[in-house]
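Colleague: Got a sequence here, can you model it:
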Amino acid sequence: MTLPSIHILWFVLLVLTSAPLQAEVYKWQDDRGETHYSQTPPPGVPASKLQPHATPNHAGQPDPRLKKSLEAFDKRHQQDQEAAQKRAAAAQQAELKTQNCTRARTNLQTLQGHGQIKLKEGDGYRMLPEGERQAKIAEAQKQIDEFCPQ
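Modeller: Numbering: from 1, shown residues only. The predicted structure follows:
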């Protein structure tokens, strides 16, 4: 670098570092009583210079309010997921109950509608004795009472 370019570089650095980091802000009221804010005060009108906010103690650190808000959001999100899982489980239970109700009604209708019932056992069939048929009718009625809405 030549001597003049070094002087130019130093001049640019001096100008950049001496520029204010925040612009000044003035607050003033007009003749109608409305409050205004501007970077320069109007001539002949009393204006007050506003002080910039101090850098918070937690500068460079996560905002504690934001952290608390995020924690609350995470908690609500988890609760929503748990509620959705409970609703899905309840819907599944309701579907199973409906299927059990339908099966119990079909069994009862079959058991009551036919005199002799053949049951398949393994590769063969056997005739259902009347006492066992009455027990299965009572069991089907009990299942209807349990699974079918009244």
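
Colleague: For this structure, which segments are assigned as strands?
Modeller: 25-29, 35-38, 47-50, 118-121, 124-127 (DSSP state E).

Colleague: Show me what the fourth one packs onto, helices and strands only.
Modeller: To tie it back to what came earlier, the one meant is strand 118-121. strand 124-127 (3 or more Cβ pairs under 8 Å, 6 or more residues apart in numbering; DSSP states H and E). For the C-beta atoms, the positions are set from N, CA and C on the backbone; glycine is no exception.

Colleague: hmm, try it at 10 Å
Modeller: Secondary-structure packing of strand 118-121 (3 or more Cβ pairs under 10 Å, 6 or more residues apart in numbering; DSSP states H and E): strand 124-127, helix 130-147.

Colleague: how far does it sit from the chain's center?
Modeller: 53 Å (Cα atoms, centre = their mean, to the nearest Å).

Colleague: partners of it, with directions?
Modeller: Using DSSP bridges, the strands paired with strand 118-121 in its sheet are strand 124-127 (antiparallel).

Colleague: Okay then, goodbye and thanks.
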